[in-house]
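1. Any chance you could fold what I've pasted below:
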Amino acid sequence: METNEITNLSLTFIIVFVIIPVSLSYWFSLGLSKSILWASFRGVIQLILIGYVLTFLFSIPDWQGITLWVSVMVIIASINAAKRGGNISNVWVVVFITIAITEVFVLALWLGFGYIAFTPEKVIPISGMVIGNSMIAIGLALERLQNEFKEERGRVLAALSLGATPKQSSSRIIRATLKAALIPNIDGLKTIGLVQLPGMMTGLILGGVSPLDAVKFQIIISLSIFVSVAVCAMLVTLILYKNYFNDKMQLIELQS
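-> Okay, here's the model as predicted:
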């Protein structure tokens, strides 16, 4: 399949697309012009750097490149997601272990069923999708968990005073937290292929793969991501809600 070459000069003209939101922000006095420019500049630099990094990773032995970069992705994702947990004790450790175990499990399934080969070109991009979406779901769960405990503090205290256990008094909070973390992915699955063509499928089609074969790969990716997101959000929520209670089953207040 022939593709048009993108020259460095033609790439610079993409700045036109950035000028549009900057201009709108200035026109409506949103105060986002600097943020838009900085985010755009940072995103471009990060992508250029990752291009060189991936080129290097693809040139070294497979297991070294995969282990190195997947570890980096898990660590960075854990740090970013854990920030939403405020002062919950051991939040980073729990998030890191959860994402790492989920990634290993999903990767083992892909390799075990022969969906992909154990090469950096295959493992790293797909792992990035799983880890990135898991990070977002965990971040949503942690943020919602904090907000729910603040808003439902009176209800939880009342339930505890009537003899309820921490798990019983927090059941409503846990359900609300998990729904908030999972609904975006559930909605995404409902409209996949109808509202938008997913990135993996689009990339494969642009690369010359037949639409039906691209769909098969997309099904694997989409369901893998959904399972990873669900497992990560559930594990983190079910483990960390207990940190809002002390050893005497009393509710404590954590500062965000």
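2. Can you mark which positions in the one helix or strand Q218 maps to are buried?
-> With the criterion set as DSSP states H and E, the secondary-structure element containing Q218 is helix 211-240. Of the residues in helix 211-240, those with enough neighbours to count as buried (16 or more other Cβ atoms under 10 Å) are 214-215, 217-218, 220-222, 224-237, 240. Where C-beta positions appear, they are placed from N, C-alpha and C, glycine not excepted.
3. just stretch 90-100 next, same as before
-> Taking 16+ other Cβ under 10 Å as the neighbour-count basis, stretch 90-100 is seen to contain the buried residues V91, W92, V94, V95, F96, I97, T98, I99, A100.
4. Redo these as CSV? Include pLDDT, secondary structure and distance to F118.
-> Below are the buried residues of stretch 90-100 laid out as CSV (pLDDT from 0 to 100; DSSP: H, G, I helix; E, B strand; the rest coil; distance: Cβ to Cβ, whole Å):
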residue, pLDDT, secondary structure, distance to F118
V91, 92, helix, 32
W92, 93, helix, 29
V94, 95, helix, 28
V95, 96, helix, 26
F96, 97, helix, 23
I97, 96, helix, 23
T98, 96, helix, 23
I99, 96, helix, 20
A100, 96, helix, 18
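5. Out of those residues, which comes closest to G112?
-> Using Cβ to Cβ, A100 comes nearest to G112 of these, at 18.1 Å.
6. Distance of that closest one relative to P61?
-> When Cβ to Cβ, to the nearest Å is applied, the distance between A100 and P61 equals 21 Å.
7. what about stretch 123-131, average pLDDT?
-> In this model, stretch 123-131 carries a mean pLDDT of 91.
8. again but with stretch 141-160, I slipped
-> 92.
9. Which positions in it come out as buried?
-> Of the residues in stretch 141-160, those scored as buried under the neighbour-count criterion (16+ other Cβ under 10 Å) are A141, L142, E143, R144, L145, Q146, E148, F149, E152, V156, A159, L160.
10. picking up where we left off before, packing partners for the helix holding Q218?
-> Here helix 211-240 touches helix 91-112, helix 120-151, helix 171-191, helix 199-206, going by 3 or more Cβ pairs under 8 Å, 6 or more residues apart in numbering; DSSP states H and E.
11. In TSV, list those along with distance to K83.
-> Output for the helices and strands packed on helix 211-240, formatted as TSV (distance: least, Cβ to Cβ, whole Å):
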stretch	distance to K83
helix 91-112	9
helix 120-151	8
helix 171-191	16
helix 199-206	26
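12. Highest mean neighbour count out of those?
-> The highest mean neighbour count among the helices and strands packed on helix 211-240 belongs to helix 120-151 (a mean of 21), with neighbours defined as mean count of other Cβ atoms under 10 Å.
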